[in-house]
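> please find the sequence and the predicted model below.
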Amino acid sequence: MFYNNIALKRIKENTSFTLFLISQGISNLAEAFHFIAIVSLLIKITGKGTSASFTVICTPISSFLLSPFAGSLGDRFNEKYVLIIISFLKAVTMLLFISNYNIWSIYILMLILAVLEILYSPSKKKIVANLLDSGNLMIGNSILLGIWGLGFIVGPIAAGIIIELWGVNTIFLLDGFLNFLSGIILFFIKINSYQNSTKKKKINFKSNVYKDIDMGFEYFRSKPSIRKLVFINTITSLAIASINIAFYSFAFDVLKVTSKNWGIMMSAFYGANLLAMIISVYLNNIIQKMDLLFIYLTIIMVSIIWFLYSISNNLIVVIILQITEGMFISLLTIVINTKLQIITNKDFLARVTAINDIFNNIGKLFSVGLTYFILQFQSSRIIFMMNFIIFILYGIYKLFFKYTL
């Protein structure tokens, strides 16, 4: 507890990281706004909720194609300015949604947003590693995830009210302003804690990007500890994607939830990020000492929750399970991301993050396709049971082997 108080004090005194948190809080609120606004616009145009599912496909495919370049971008150039430029581009993209009622034009804009998010992610994780020392990374990542969860509790509710009162175009206008403001705040961040080798010398802008990508994969192949974490993350992403697809069918076809109850369920799930933030901040030292043991125990706990979904019929019980699942998944995300940031050479951090995204999204694409296929013949409960069996066997199996990196 004493260590955590010192760590929190150091983070509070880190002006640049505080500014980064404010910038990300604004960006997360904008993300929550356009999540609701785009779905509302598509349903208004097509009358079909399935029209919004385009993002489920375009994000993993875009990640598979562009993540290597996103990693190279983050390692070749100053990550702060990469984030600023992308924030401004997101602001412009959001403004293009205003009074746009062409379905294919909207799909293209959704694809652009997915691409910008992919380019944003590696530089975002790298700047966190450069603003904080390794001892404070887990707490910093916890706070970031908590802010994201808060944004997705407040954002959808606020967006729904604004759309009802002033229309969906107001959200797009506000969203553009928030992304622009997020980028402006990033200008005031100073990165002094780390200067990577590419910043100590003049960058050759004409150097081969493909060589950078190849070096990133070579570094990844040479580090067993990094490969192990990425494999764990891929298995986790694959299973979670399958559960998420099945949960829509479970909620609406089995539990017969209303739109109001669905909103409550989503708020409960995203609100669990705040609970995970509190736990990881105050148990930071214990979690880090447990190392991979904590990861495998968490995997087992999540799998048990999926089994309980398969036998549950009561909405209150399901919401409680959602909160618990969301908390454990958030803790898993915090620990894996933190360990990757700590053990990866900062000259390669953006590229390793991109490689992690590639494998995760390949897993998601496979999982989404397979889950949709199974749901044509079986109920969502079967999906829950299948993922429970695979996930718990994996977690138990790994506990019989050395689990430290």
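Nice, thanks for sending it over.

> Val318 is in contact with Ser312, correct?
Yes - if you go by CB atoms under 8 Å, Ser312 and Val318 touch, sitting 5.3 Å apart. To be clear about C-beta, it is placed using only N, CA and C from the backbone, and glycine gets the same treatment.

> for these two, indicate the residue with more neighbours.
Neighbours per residue (other CB atoms under 10 Å) separate Ser312 from Val318, with Val318 holding more: 23 against 19.

> helix/strand/coil for that one?
Val318 carries the three-state label helix when classified by DSSP: H, G, I helix; E, B strand; the rest coil.

> next one: it from Val254, what distance?
According to CB to CB, to the nearest Å, Val318 and Val254 sit 10 Å apart.

> same check on Ser99?
Counting by CB to CB - Ser99 and Val254 are separated by 39 Å.

> more neighbours, those two?
Val254 (17 against 8).

> give me every residue that touches the nearest residue to the more buried one once chain neighbours are set aside.
Spatially, and ignoring its direct neighbours in sequence, Val254 is nearest to Ser380 (6.3 Å; CB to CB, 6 or more residues apart in numbering). Listed by CB atoms under 8 Å, 6 or more residues apart in numbering, the contact partners of Ser380 are Ala246, Phe247, Ser249, Phe250, Asp253, Val254.

> the same query, at a cut-off of 7 Å, please.
Contact analysis of Ser380 by CB atoms under 7 Å, 6 or more residues apart in numbering lists Ala246, Ser249, Phe250, Val254.

> lowest-confidence one in the residues you listed?
Minimum pLDDT across the contacts of Ser380 is recorded for Ser249, with 79.

> coming back round to it: for Ile245, see how far away the residue nearest to Val254 is.
Note on Ser380: its distance to Ile245, by CB to CB, is 9 Å.

> ok, Met290 next?
31 Å.

> tell me which of these two has more neighbours.
Ile245 (23 against 17).

> for the residue lying closest to that one once chain neighbours are set aside, phi and psi?
The shortest distance from Ile245 to any non-neighbouring residue, by CB to CB, 6+ apart, is to Thr371 (4.5 Å). Phi and psi for Thr371, reported as degrees, to the nearest 10, are phi -70, psi -40.

> for Thr371, give me its contacts.
Thr371 is in contact with Ser242, Ile245, Ala246, Ile383, counting by CB under 7 Å, 6+ apart.

> hmm, try it at 8 Å
Contact analysis of Thr371 by CB under 8 Å, 6+ apart lists Ala241, Ser242, Ile245, Ala246, Ile383.

> kindly reformat these as JSON lines and extend each row with secondary structure.
Below are the contacts of Thr371 laid out as JSON lines (three-state DSSP):
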{"residue": "Ala241", "secondary structure": "helix"}
{"residue": "Ser242", "secondary structure": "helix"}
{"residue": "Ile245", "secondary structure": "helix"}
{"residue": "Ala246", "secondary structure": "helix"}
{"residue": "Ile383", "secondary structure": "helix"}
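
> pLDDT check: weakest of those residues?
Among the contacts of Thr371, Ile245 carries the weakest pLDDT, at 81.

> that one reaches Val368, doesn't it?
Yes - counting by CB under 8 Å, Ile245 does reach Val368; the two are 5.8 Å apart.

> pLDDT score for Leu332?
Per-residue confidence (pLDDT) for Leu332: 92.

> what does Ile184 give?
Model confidence at Ile184, given as pLDDT, is 95.

> the helix or strand harbouring it - contacts with which helices or strands?
Ile184 is located in helix 168-186, with elements delineated by DSSP states H and E. Secondary-structure packing of helix 168-186 (3 or more CB pairs under 8 Å, 6 or more residues apart in numbering; DSSP states H and E): helix 15-46, helix 79-95, helix 137-166.

> poorly predicted segments of the protein, please.
Scanning the chain for pLDDT under 70 picks out the ranges 1-10, 43, 46-65, 67-68, 74, 192-208, 259-260, 262-263, 401-405.

> what are the ranges of the strands in it?
For the chain, no strands are identified by DSSP state E.

> Ala268: which of the contacts of Ser380 is nearest?
Each of the contacts of Ser380 was scored against Ala268 by CB to CB, and Phe250 proved nearest at 14.9 Å.

> contacts only, for the closest one.
Tyr309, Ser380, Arg381, Phe384.

> just Tyr270 next, same as before
Gly149, Phe152, Ile153, Gly326.

> just Ile84 next, same as before
The neighbourhood of Ile84, defined by CB under 8 Å, 6+ apart, consists of Gly183, Leu186, Phe187.

> please tell me how far it sits from Ala129.
Distance, Ile84 to Ala129, using CB to CB: 18 Å.

> could you do Leu321 as well?
Counting by CB to CB, the separation of Leu321 from Ala129 is 34 Å.

> more neighbours: these two, which one.
When Leu321 and Ala129 are compared for neighbours, Ala129 comes out ahead with 25 against 19, by other CB under 10 Å.

> give me the neighbour count for the nearest residue to the more buried one once chain neighbours are set aside.
Closest residue in space to Ala129, ignoring its immediate chain neighbours: Gln341 at 4.3 Å, by CB to CB, 6+ apart. Using other CB under 10 Å, Gln341 has 23 other residues around it.
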